[in-house]
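[1] Quick one: sequence and predicted model below, then my questions.
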Amino acid sequence: MSAGFAIRRGGDRDAMFRRRRRAAVLRGMLVALCVLYLAVLLLAPLAGVVWQALRPGWRVLGDTFTRSDVVHAFTLTAVIALITVAVTTAFGVVVAWVLVRQRFRGRAFLNALVDLPFALSPVTVGLACVLLFGRGGWFHDFFAARGIQIIFALPSMVLVTIFISVPFTIREVQPVLEEIGVEEEDAARTLGASVMQTFLRVTLPNIRRGLLYGIALSAARAIGEIGAVLVVSGLIQGRTETATLYIYRAMEERQTASAYVVALTLAGVSVLILAAIEWVKRKRTREDEA
């Protein structure tokens, strides 16, 4: 019996070894597929952009960044992105908090409505803005009488960018609020903290990671938006031309090297934003574990 038991144990060890080996091979295949996916769909196009941008030589960088229309395009993009991030952060946190902490009739509809910008084409958003604020639009006369230009100006570009970017913050903060629950908030209120004090000292620190990701995604989306902005901006060079619109015009005018340089810059800024958020998250995690 002892010999049979030893044989069975040996067979079990061999079977376990084979299972582990198959699992290791499977993990290796999955990792290889992920690397291949990143290489083909992300790294290869980015490498192509780098090659096209620098093919004429390094002088193209100086020629591009010293052009007045390029400087204005980057400045306008930064202004729109900063306004968008500020509005979407404040509005997104409030909406996420309402959807998670409050119970009211129509909550499910509002929750579904948050995803509407994901479903709509950016061009459709731009056309809707023209319908509302363009000549003959619903609100055109109201703003025109006060000397405020919405369409073909900064306000319309900011409005459509905010509309398209706001779901990112909401969807990043909402699951974090659901996960942390209400125990700490209830404890703070029991100890006499006001609603604002509870939010600033308890809720906000707990949702900071999701909020940072939402800010990063909103900023990257605002920087790269073109469809809706193209419709409402009028593509006025030196006035309503963002960096993405400059790329569009430069390609049309066969200034491909300059277009690739600006595109590479926008990609680099987006990557840096995401990398900075990831670094902050890891630093916070190490501090919490220490």
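    Received the coordinates, thanks. Quick caveat: nothing in here was measured; it's all calculated off a predicted structure.
[2] tell me the pLDDT at the closest residue to Gly234 other than its chain neighbours?
    Excluding its sequence neighbours, the residue lying closest to Gly234 (C-beta to C-beta, 6 or more residues apart in numbering) is Phe152, at 3.8 Å. Any C-beta I mention is one placed from the backbone N, CA and C, and that applies to glycine too. We have a pLDDT of 91 for Phe152.
[3] give me the element Phe152 is part of.
    With elements taken from DSSP states H and E, nothing contains Phe152; it lies in neither a helix nor a strand.
[4] Number of residues surrounding it?
    Burial measure for Phe152: 18 neighbouring residues, criterion other C-beta atoms under 10 Å.
[5] Might you report the residue contacts of it?
    Applying C-beta atoms under 8 Å, 6 or more residues apart in numbering, one finds that Phe152 lies in contact with Val232, Ser233, Gly234, Ile236, Thr240.
[6] Please pick the buried ones from these.
    By neighbour count, with 16 or more other C-beta atoms under 10 Å, the contacts of Phe152 hold Val232, Ser233, Thr240 as buried.
[7] Angles on the backbone of the last one, please.
    Main-chain dihedrals, Thr240, degrees, to the nearest 10: phi -120, psi 30.
[8] wouldn't it be in contact with Pro155 here?
    No - distance between Thr240 and Pro155: 10.8 Å, which falls outside the contact criterion (C-beta atoms under 8 Å).
[9] Could you name every residue contacting both of those two?
    Joint contacts of Thr240 and Pro155 (C-beta under 8 Å, 6+ apart) do not exist.
[10] just to revisit the earlier point, closest to Asp115 among the contacts of Phe152?
    The closest of these to Asp115 turns out to be Val232 (C-beta to C-beta; 22.3 Å).
[11] Could you check how far that closest one is from Pro155?
    Look at Val232 and Pro155: by C-beta to C-beta, to the nearest Å, they are 9 Å apart.
[12] In contact with Ala276, which residues?
    Ala216.
[13] which secondary structure element contains it?
    Counting by DSSP H and E, the secondary-structure element that holds Ala276 is helix 256-289.
[14] Please state the offset of that helix from the chain centre?
    Helix 256-289 has its average C-alpha position 11 Å from the chain's average C-alpha position, going by C-alpha atoms, centre = their mean, to the nearest Å.
[15] mind listing what's buried in that helix?
    Of the residues in helix 256-289, those scored as buried under the neighbour-count criterion (16+ other C-beta under 10 Å) are 257-267, 269-270, 273, 277.
[16] next one: stretch 57-66
    Val60, Leu61, Thr64.
[17] Likewise for stretch 71-79?
    Across stretch 71-79, burial judged by 16+ other C-beta under 10 Å covers His72, Ala73, Phe74, Leu76, Thr77.
[18] Show me where this structure dips below the pLDDT cut-off.
    Scanning the chain for pLDDT under 70 picks out the ranges 1-14, 284-285, 287-290.
[19] any idea how it splits into domains?
    Per automatic domain parsing, the domain ranges recorded for the chain read 1-44, 54-289.
[20] Just say which of these is most tucked in.
    Most buried of the domains of the chain by mean neighbour count (mean count of other C-beta atoms under 10 Å) is domain 54-289; its value is a mean of 17.
[21] how far is that domain from where the chain is centred?
    Distance of domain 54-289 from the chain centroid (C-alpha atoms, centre = their mean) equals 7 Å.
[22] Once you drop chain neighbours, what's closest to the residue minimising distance to the centre of the chain?
    Compute the mean C-alpha point of the chain, and by C-alpha atoms, centre = their mean the closest residue is Leu217, 1.6 Å away. Counting by C-beta to C-beta, 6+ apart, Leu217 lies nearest to Phe168, which is 4.0 Å off, once chain neighbours are set aside.
[23] residues in contact with that neighbour?
    Phe168 is in contact with Thr88, Gly92, Gly214, Leu217, Ser218, Arg221, counting by C-beta under 8 Å, 6+ apart.
[24] Which one of the buried residues of helix 256-289 is nearest to Ala188?
    Nearest to Ala188, judged by C-beta to C-beta, of the buried residues of helix 256-289 is Ile277 at 27.1 Å.
[25] so that closest one makes contact with Gly214?
    No - here Ile277 lies out of contact with Gly214, judged by C-beta under 8 Å, at a distance of 9.6 Å.
[26] on that earlier part again, now the residue nearest to the centre of the chain: how far from Val269?
    Applying C-beta to C-beta, one obtains 14 Å for the distance of Leu217 from Val269.
[27] Show the residue spans covered by the helices in the stretch 1-150 of the chain.
    Counting by DSSP state H, counting those that start in this stretch, residue ranges of the helices within the stretch 1-150 of the chain are 2-38, 44-54, 59-65, 68-101, 107-113, 116-119, 122-133, 140-144.
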